[in-house]
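Asker: my questions concern the predicted model and sequence given below.
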Amino acid sequence: MRSYLFSLWVFLSGFTLFCFISPSFSQVSTLIIGITPPSSGFVSVNGDTLGSYPDVRSFPDSTAITLEAIPDSGYEFIYWELDSNLVLPGDSDAMVTFIITADDSVLAHFRKIPPVHNLVIDIFPPLSGNIRVDSVLLSAYPWSGIFVDSTGIGLTAIPASGYLFDFWESGSHTLSPSDNDSSVSFTITNSDTITAFFTPVDTIFDLTVNVIPPGSGDVVINSVLPGTYPWTNSFVLGTVIYLNAIAKENFDFAFYLSGFHILSPSPADSNVAFVITADDEIIAYFNPENPDTTQPEDSLPASTGPEKKLFIPDAFSPNSDGNNDEYYIHGDFTAFSLIIFDRWGKALFETEDASAKWNGKFKGKSLDAGIYTYRLVAEQKSGEKVEKAGNILLAK
């Protein structure tokens, strides 16, 4: 923009006064100042903090301009953006200077300050291992660090000598791929405590294997065939246990019952496997192919003579697999009364028909797995009277 300067006044006759103005050789440049996003901060120009944006200021060429970016609450300054002039020391510095030599636009960029979260990392038991957070190996626990919201974090559990990694425990985050993987990752969204659990590798657990009825079959445990039952042996934590149930003549395998472990593929399969993590007793149940004539003598609670034998099963598995799906009492009776109760004493099944079988349902609805109670009052053909009560395991 061309500017002008006053030169002189000239007084002529007739009382006419003339003002002579000559063009100035000094140039004036326009500076447009703005911020983004709106209401995110302020700009001070040569000590004057602007109140509204965009603001337009004019300066003679070669004027030294000092700019200062002042973030509003909750924001931080990022950088300056100018069309023509170069700022010093750099466009990412909040206070900069430059010599204006041409019209220009200045834009101060701000951004919201992201929230930060406190992350506490711990191990259990003490001295059982270490944790690597991204590439940093921690040396003392509990450890805490501050992370910006939405930061991706990687964790690696490193067992100490004599320990195995067990699992992670997080108060609020989902660890990927799973809590049981030693190397995991997550995106932090709030403060949290994450603990790595380790287990001594020399932890020993006792495994007991039994067969019911006695003499009805065998169970091979990791290629070992026991000579007698119940059989007990000790195993190190994490050992894979393989079980193979083999029915003896005139018996069929029914199912396994484990007090703690989950057997794979299912308890109804004769060949199963699991990883031992606790003391346990596993029972292999076998059913007689012909319970009236083949039940072993030492497994019978009562006898009616050489023709037929009384046998009261203590478990069945109504899972529609065609194997041991119904519960009934085996024997020859002239009088018979059977009632099955739940744990609160409610009658679920009643019959006076010795050939009747219970399918594990009450009013057409399948009952949950658990322990139920029976009461039997009967008279056998031999004339012997039977009054018994006991538990029934309903397995699925």
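Answerer: Arrived safely. Numbers count the residues shown, from 1 in each chain.
Asker: low-confidence stretches in the stretch 151-300 of the chain?
Answerer: Applying pLDDT under 70 to the stretch 151-300 of the chain picks out residues 202, 290-300.
Asker: rerun that using 50 as the cut-off
Answerer: Low-confidence segments of the stretch 151-300 of the chain, defined by pLDDT under 50: 292-300.
Asker: tell me how many other residues crowd Ser40.
Answerer: Ser40 has 21 neighbouring residues, counting by other CB atoms under 10 Å. (C-beta placed from N, C-alpha, C; glycine too.)
Asker: for it, grab phi and psi.
Answerer: phi -90, psi -10 (degrees, to the nearest 10).
Asker: got the contact list for it?
Answerer: 71-72, 75, 110-112 (CB atoms under 8 Å, 6 or more residues apart in numbering).
Asker: swap in 7 Å and give it another go.
Answerer: Neighbour list for Ser40: 72, 75, 110 [criterion: CB atoms under 7 Å, 6 or more residues apart in numbering].
Asker: PyMOL command for the buried members of these?
Answerer: Selecting only the buried entries of those in PyMOL, with 16 or more other CB atoms under 10 Å as the criterion:
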select buried, resi 75+110
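Asker: which among the contacts of Ser40 gets closest to Tyr141?
Answerer: Tyr75 (36.3 Å; CB to CB).
Asker: wouldn't the closest one be in contact with Pro38 here?
Answerer: No. Tyr75 lies out of contact with Pro38 (CB atoms under 7 Å); the separation is 11.2 Å.
Asker: from the contacts of Ser40, which is closest to Asn222?
Answerer: Looking across those and measuring by CB to CB, the closest to Asn222 is Tyr75, at 65.8 Å.
Asker: okay, the closest one and Val45: tell me how far apart.
Answerer: According to CB to CB, to the nearest Å, Tyr75 stands 19 Å off from Val45.
Asker: same thing with Ser172?
Answerer: Ser172 is 47 Å from Val45, by CB to CB.
Asker: do Phe286 as well
Answerer: 94 Å.
Asker: of those two, which one has the most company?
Answerer: Phe286 (26 against 17).
Asker: count the residues that sit near the nearest residue to that one once chain neighbours are set aside.
Answerer: Nearest non-adjacent residue to Phe286, counting by CB to CB, 6 or more residues apart in numbering: Ser216, 3.7 Å away. Ser216 has 24 neighbours, counted by other CB under 10 Å.
Asker: same question, Phe235
Answerer: Count around Phe235 with other CB under 10 Å applied: 19.
Asker: mind listing what's buried along the helix or strand harbouring it?
Answerer: Using DSSP states H and E, Phe235 sits in strand 231-236. Going by neighbour count (16+ other CB under 10 Å), the buried part of strand 231-236 is 231, 235.
Asker: next SSE after that strand?
Answerer: Using DSSP H and E, the helix or strand that follows strand 231-236 in sequence is strand 240-247.
Asker: just the strands in the stretch 151-300 of the chain please.
Answerer: Using DSSP state E, counting those that start in this stretch, the strands of the stretch 151-300 of the chain run over residues 152-159, 163-170, 183-187, 192-200, 204-212, 217-221, 231-236, 240-247, 251-258, 271-275, 280-288.
Asker: could you check the angle the first one makes with strand 163-170?
Answerer: With axes from the mean of the first three to the mean of the last three CA atoms, to 10 degrees defining the directions, strand 152-159 sits at 150 degrees from strand 163-170.
Asker: just the strands in the stretch 1-150 of the chain please.
Answerer: Counting by DSSP E, counting those that start in this stretch, the strands of the stretch 1-150 of the chain are 2-12, 16-36, 41-45, 48-49, 55-60, 64-71, 75-82, 95-99, 104-112, 116-124, 129-133, 136-137, 143-148.
Asker: can you tell which of the ones you listed is closest to Phe186?
Answerer: Proximity to Phe186 (CB to CB) singles out strand 116-124 among the strands of the stretch 1-150 of the chain, at 10.0 Å.
Asker: for that closest one, list the C-alpha coordinates in PDB.
Answerer: What follows is strand 116-124, C-alpha atoms only, in PDB (Å, rounded to 0.1, in the frame of the first residue of the first chain):
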ATOM      1  CA  VAL A 116      -3.700 -38.500  31.200                       C
ATOM      2  CA  HIS A 117      -4.100 -41.600  33.200                       C
ATOM      3  CA  ASN A 118      -2.000 -43.300  36.000                       C
ATOM      4  CA  LEU A 119      -1.000 -46.900  35.300                       C
ATOM      5  CA  VAL A 120       0.200 -49.100  38.100                       C
ATOM      6  CA  ILE A 121       2.000 -52.300  37.200                       C
ATOM      7  CA  ASP A 122       2.600 -55.000  39.900                       C
ATOM      8  CA  ILE A 123       3.600 -58.600  40.200                       C
ATOM      9  CA  PHE A 124       2.500 -61.400  42.500                       C
END
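Asker: buried residues, that strand. List them.
Answerer: 117, 119, 121-123.
Asker: picking up where we left off before, between the strands of the stretch 151-300 of the chain, which one is nearest to Gly364?
Answerer: Across those (criterion: CB to CB), the nearest stretch is strand 251-258, sitting at 23.9 Å.
Asker: adjacent strands (with direction) for that closest one?
Answerer: strand 280-288 (antiparallel) (DSSP bridges).
Asker: what's the angle from the partner strand to strand 231-236?
Answerer: Interaxial angle of strand 280-288 relative to strand 231-236 (the same axes, to 10 degrees): 140 degrees.
Asker: and strand 280-288, how far from the chain's centre?
Answerer: 34 Å (CA atoms, centre = their mean, to the nearest Å).
Asker: also stretch 376-386?
Answerer: 57 Å.
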